[in-house]
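A.B. asks: sequence first, predicted coordinates after that:
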Amino acid sequence: MPGDRLRVAMTMLQCWHRVPGGTAVAAIRQAEAIAADPTIDLVAVGPMGWRSHGRPAPHHWAPPMPVSYLPGPYQLIYDAWDRLRIPPISWAIGDVDVVHATTVTVPPHPRRGALVVTIHDIFPITRPEHLSPRGVRLLSHGIERARETADAVLVSSEYTATQCREIGFSDDQLHVVPLGVEPVVMSPTDIAAVRQRHGLDRRYVMWAGTVEPRKNLSTLLEAFASVGRDADLLLAGPTGWQVDLEALMKPLGDRVRRVGFVERRELMALYAGAEMVCLPSLEEGFGLTALESMSVGTPVLASDNSAMAEVGGSAVVALPATDVGAWAAAIGDLLDDPDRRIALSAAGLERASSFTWERTGALTIDVYHHVAERNEQTSPRSGAE
């Protein structure tokens, strides 16, 4: 049987991406909770890059534990994992009890350890038109590899678990481990400072995320254009792919502001200063932005599909994702109804309080111990490193 202290390697290559996105946020917060547990010896695995020798990730995306490096940039490593089933994690760190792939770019199953894979969503299969051909190939292959080789698969919602079952994952593999939110108290001074920094003189409605087709910004921008209220629309987050945001923003003129990527504390202050946060995504595997917004008491309007309805429950205003008229009416009505905003704020705070990173970490650690103990009784898999 494994010892009391498990050696665990978490793949964190997404922290070096040009747009790290939500998978990096989730992995970093999850790792922070896991690293605090005395039964786990946690190491991150990152890419070495073409010219660097273990260059750290950008400051805001740095893994919260020691990092070991695989040779090559992340793009090359992903392709090698997909096509050649190399390099094994042991090249960076030696043998471990558990390899945890925090995205569906899945490394080889370790020789002597267990493999855990996090699947945030199966959009490469359900919505391939929203990704590049290379992304569809790598990620759909990774999902299939997880189905074939993972000892355990972590999903953040029952919605994603159901989708995984529909494409062949077994109940024995799947473990629902919801994501969390770190409570942040924003004072009126904090909010006033960030509003001043970004020139937000009027009240504002907010959206946040990576700009990509699945986020369905066209519906929000079209809806907001017909909202005749004294309010602006604020867009926060990095540029992604396949969206001409400048063209979508143009009809709104100076009623729409874009601030790009902002640090987490500033982002939380922007959420807290907003009248509401609007999230018209076509599909979400969890809905971390909705949860973060609720955690600072800001009302949330979200699509009535996928996991956001599951995460938000009755604390969010649920709307058909592409119904421009419904979004325009709901935004206008909520801007005009301060009592309802107060009620939604209270409901959101209560709902968000049940989602903690400590719980995410504890559930993940339970899975680590479970698969490590079970793996001790089995022989190495064919095709393992």
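C.D. replies: Received, thanks.

A.B. asks: how about the helices of the stretch 201-350 of the chain, start to end?
C.D. replies: For the stretch 201-350 of the chain, the helices defined by DSSP state H, counting those that start in this stretch cover 217-225, 245-249, 264-273, 288-295, 306-312, 324-335, 338-352.

A.B. asks: tell me the SS of residue 45?
C.D. replies: Assigned with DSSP: H, G, I helix; E, B strand; the rest coil, residue 45 falls in the strand class.

A.B. asks: cool, and residue 22?
C.D. replies: Residue 22 - assigned by three-state DSSP - is helix.

A.B. asks: I figured it hits residue 288, correct?
C.D. replies: Yes - under the criterion of Cβ atoms under 8 Å, residue 22 lies in contact with residue 288, with a separation of 5.7 Å. Any C-beta I mention is one placed from the backbone N, CA and C, and that applies to glycine too.

A.B. asks: between those two, which one's more packed in?
C.D. replies: residue 288 (23 against 20; other Cβ atoms under 10 Å).

A.B. asks: look up how far residue 295 lies from that one.
C.D. replies: 10 Å (Cβ to Cβ, to the nearest Å).

A.B. asks: need the overlap of contacts for the two.
C.D. replies: residue 181 (Cβ atoms under 8 Å, 6 or more residues apart in numbering).

A.B. asks: what about residue 129, how many residues nearby?
C.D. replies: Residue 129 has 9 neighbours, counted by other Cβ under 10 Å.

A.B. asks: just give me the neighbour total for the residue nearest to it when sequence neighbours are not counted.
C.D. replies: Nearest non-adjacent residue to residue 129, counting by Cβ to Cβ, 6 or more residues apart in numbering: residue 213, 7.6 Å away. Residue 213: 16 surrounding residues under other Cβ under 10 Å.

A.B. asks: what do you get for residue 311?
C.D. replies: Neighbours of residue 311 under the rule other Cβ under 10 Å: 26.

A.B. asks: ok, the nearest residue to it once chain neighbours are set aside - how many residues close by?
C.D. replies: In space, and not counting its chain neighbours, residue 311 is closest to residue 287: 4.3 Å by Cβ to Cβ, 6+ apart. Residues lying near residue 287 (other Cβ under 10 Å) number 28.

A.B. asks: where's residue 287 relative to residue 312, distance?
C.D. replies: 7 Å.

A.B. asks: how about the helices of the stretch 201-350 of the chain, which one is nearest residue 11?
C.D. replies: Smallest distance to residue 11 across these (Cβ to Cβ): 19.3 Å, for helix 288-295.

A.B. asks: any idea which helix or strand of this protein has the worst average confidence?
C.D. replies: helix 306-312 (a mean of 90; mean pLDDT, DSSP states H and E).

A.B. asks: please save the CA atoms from that one in PDB.
C.D. replies: Output of helix 306-312 as PDB, limited to C-alpha atoms (Å, rounded to 0.1, in the frame of the first residue of the first chain):
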ATOM      1  CA  SER A 306     -25.700  23.500 -19.100                       C
ATOM      2  CA  ALA A 307     -23.900  23.900 -15.800                       C
ATOM      3  CA  MET A 308     -24.600  27.500 -15.000                       C
ATOM      4  CA  ALA A 309     -28.100  26.800 -14.100                       C
ATOM      5  CA  GLU A 310     -26.900  24.000 -11.800                       C
ATOM      6  CA  VAL A 311     -24.300  26.200 -10.200                       C
ATOM      7  CA  GLY A 312     -26.400  29.300  -9.800                       C
END
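
A.B. asks: give me the element residue 361 is part of.
C.D. replies: If you go by DSSP states H and E, residue 361 is part of helix 357-375.

A.B. asks: how about the CA coordinates for that helix, as CSV?
C.D. replies: What follows is helix 357-375, C-alpha atoms only, in CSV (Å, rounded to 0.1, in the frame of the first residue of the first chain):
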residue,chain,number,x,y,z
TRP,A,357,-11.7,25.7,-2.7
GLU,A,358,-11.0,23.9,0.6
ARG,A,359,-13.9,21.5,-0.3
THR,A,360,-12.5,21.2,-3.9
GLY,A,361,-9.1,20.3,-2.5
ALA,A,362,-10.5,17.8,0.0
LEU,A,363,-12.6,15.9,-2.6
THR,A,364,-9.6,15.8,-4.9
ILE,A,365,-7.3,14.4,-2.2
ASP,A,366,-9.9,11.7,-1.4
VAL,A,367,-9.7,10.7,-5.1
TYR,A,368,-5.9,10.6,-5.0
HIS,A,369,-5.8,8.3,-2.0
HIS,A,370,-8.5,6.1,-3.5
VAL,A,371,-6.8,5.6,-6.9
ALA,A,372,-3.3,5.2,-5.3
GLU,A,373,-4.5,2.5,-3.0
ARG,A,374,-6.4,0.7,-5.8
ASN,A,375,-3.4,1.1,-8.2
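
A.B. asks: that one: how far from the chain's middle?
C.D. replies: Computed by Cα atoms, centre = their mean, to the nearest Å, the chain-centroid distance of helix 357-375 equals 19 Å.

A.B. asks: that one packs against which elements?
C.D. replies: Applying 3 or more Cβ pairs under 8 Å, 6 or more residues apart in numbering; DSSP states H and E, one finds that helix 357-375 makes contact with strand 6-11, helix 21-35, strand 98-101, strand 114-118, strand 152-155.

A.B. asks: average pLDDT for it?
C.D. replies: Across helix 357-375, pLDDT averages out at 96.

A.B. asks: and that helix with strand 114-118, angle?
C.D. replies: If you take axes from the mean of the first three to the mean of the last three Cα atoms, to 10 degrees, helix 357-375 sits at 150 degrees to strand 114-118.
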